[in-house]
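**Q** could you work out the structure for the sequence below:
(chains A and B)
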Amino acid sequence: MDDAMWAFARVSGLLDMVLLTGSVLLGILARSGRPLLAIPRVSVTLLHRNISLLAVVFLVFHVVPLLFDSYAQLNLVDVVVPFLGSYKAFWQGLGTVSLDLMAAVVATALLRRRLGTRTFKAVHWLSYAMWPLAMAHSMGNGTDGTSAPVVAAAIVLGVAVLAAVAWRVSAGFLETAAARRAGNARNGWTRP
Amino acid sequence: MNAGGPAARLHIDWTRCDGRGLCTELLPEALGRDEWGYPVAAPGRVRSGRDATDVPLTGAELAAAMDAENLCPLLALRIIRP
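**A** The predicted model follows:
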């Protein structure tokens, strides 16, 4: 039974890393205002939202079994307060920080219409901290963190996110970037 | 659009709108996009000055308009019911 909990938590954690990566990539794509091939912008936004919510579900599947695992000996305090764990406290703590950030990002996203875009955006930026923390946690804390398939998967996910972030900060990121730059140039305006 | 006026209007807050294009996908009959990506009321919808910012909607477009209101990344849309 103990082993089953451990295995379930590990698999959920690894899958959650894939879901989190998908969420970050779709979020960046949604921000660009571009459709994805035949997938319209509305659907990209909904995919981003739904994959993010699925990531929350898998985080529950990842954390709850460890409350009942004799090795991890996770307690309810460890779930929200980082660096107090009994097993690899530092690496587990990174996961806890990541969970706290995810809770903040998801709660403010669900309350976006009430909070307004300014607060929503400020908190949503924490996603860029959450992803590397979650990745460091899975590599450092995971039983399989240094096994070849996990390292290979981590490299693929890492390259994907780095490429997306590089695209995010590039000049032509927005769908409307070229048209608006041309319009500004025509009017003699330049970016401050 | 029936003789009794529009079923509702979609108010576009131009101080917020960034032309991200979700509303124009959801309401292709009511909204087009200008060359910078911003939504513009379809030519047939504009009969008065107000119609460009408070775009008249048909009853059949209400559900899509509510999706647009909810999904607008800049929260720039509001449905005005008569």
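**Q** need the strands for the chain, in chain order.
**A** Answering for chain A, as no chain was given. Ranges of strands in chain A, per DSSP state E: none exist.
**Q** sorry, I should have been clearer: chain B.
**A** B:8-12, B:31-33, B:39-41, B:54-57, B:77-80.
**Q** show me which residues of chain B sit near chain A.
**A** Contacts of chain B with chain A, taken as C-beta under 8 Å from any C-beta of the partner chain, map to B:16, B:18-22, B:25-26, B:35-37, B:67, B:70-71, B:73-75. Every residue, glycine included, has its C-beta placed from N, CA and C.
**Q** which of those residues are buried, as a ChimeraX select command?
**A** Those of these that count as buried under 16 or more other C-beta atoms under 10 Å in any protein chain shown are selected in ChimeraX with:
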select /B:18,19,20,21,22,25,26,37,67,71,73,75
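**Q** list the contacts of the closest residue to chain B within chain A.
**A** For chain A, the residue closest to chain B is residue A:176, as judged by C-beta to the nearest C-beta, at 3.8 Å. Shown in contact with residue A:176 (C-beta atoms under 8 Å, 6 or more residues apart in numbering or on different chains): A:33, B:19, B:36-37.
**Q** of these, which is the nearest to residue A:100?
**A** Nearest to residue A:100 among the contacts of residue A:176 is residue A:33, at 30.2 Å by C-beta to C-beta.
**Q** surely the closest one touches residue A:177?
**A** No: using C-beta atoms under 8 Å, residue A:33 makes no contact with residue A:177, being 9.3 Å away.
**Q** higher neighbour count, these two?
**A** Set residue A:33 next to residue A:177 and count neighbours by other C-beta atoms under 10 Å in any protein chain shown: residue A:33 wins out with 20 against 15.
**Q** what sits against the more buried one?
**A** A:41, A:174-176, B:18-21, B:37.
**Q** how close does the residue positioned nearest the centre of chain B sit to residue A:26?
**A** Centroid check for chain B by C-alpha atoms, centre = their mean gives residue B:10 as the closest residue, at 4.3 Å. Distance, residue B:10 to residue A:26, using C-beta to C-beta, to the nearest Å: 26 Å.
**Q** related to what we said a few turns ago, quick one: which of the residues of chain B next to chain A sit in helices?
**A** Under the assignment DSSP state H, the residues of chain B next to chain A contribute B:22, B:25-26, B:67, B:70-71 to helices.
**Q** okay, the residues you listed in a markdown table with pLDDT next?
**A** Shown next, in a markdown table, are those (pLDDT from 0 to 100):
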| residue | pLDDT |
| --- | --- |
| B:22 | 96 |
| B:25 | 96 |
| B:26 | 97 |
| B:67 | 96 |
| B:70 | 95 |
| B:71 | 95 |
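**Q** what's the farthest-apart pair in these?
**A** Farthest apart among these by C-beta to C-beta are B:25 and B:70. That separation is 13.8 Å.
**Q** taking chain B, what residue is nearest to chain A?
**A** For chain B, C-beta to the nearest C-beta, closest residue to chain A: residue B:37, 3.8 Å.
**Q** I'd assumed residue A:51 was in contact with residue A:22.
**A** Yes: using C-beta under 8 Å, residue A:22 makes contact with residue A:51 at a distance of 4.9 Å.
**Q** burial check on residue A:67, number of neighbours?
**A** Counted with other C-beta under 10 Å, residue A:67 comes out at 15.
**Q** oh, I was asking about residue A:77
**A** 10.
**Q** that one and residue A:84 touch, don't they?
**A** Yes: counting by C-beta under 8 Å, residue A:77 does reach residue A:84; the two are 6.4 Å apart.
**Q** all set now, cheers.
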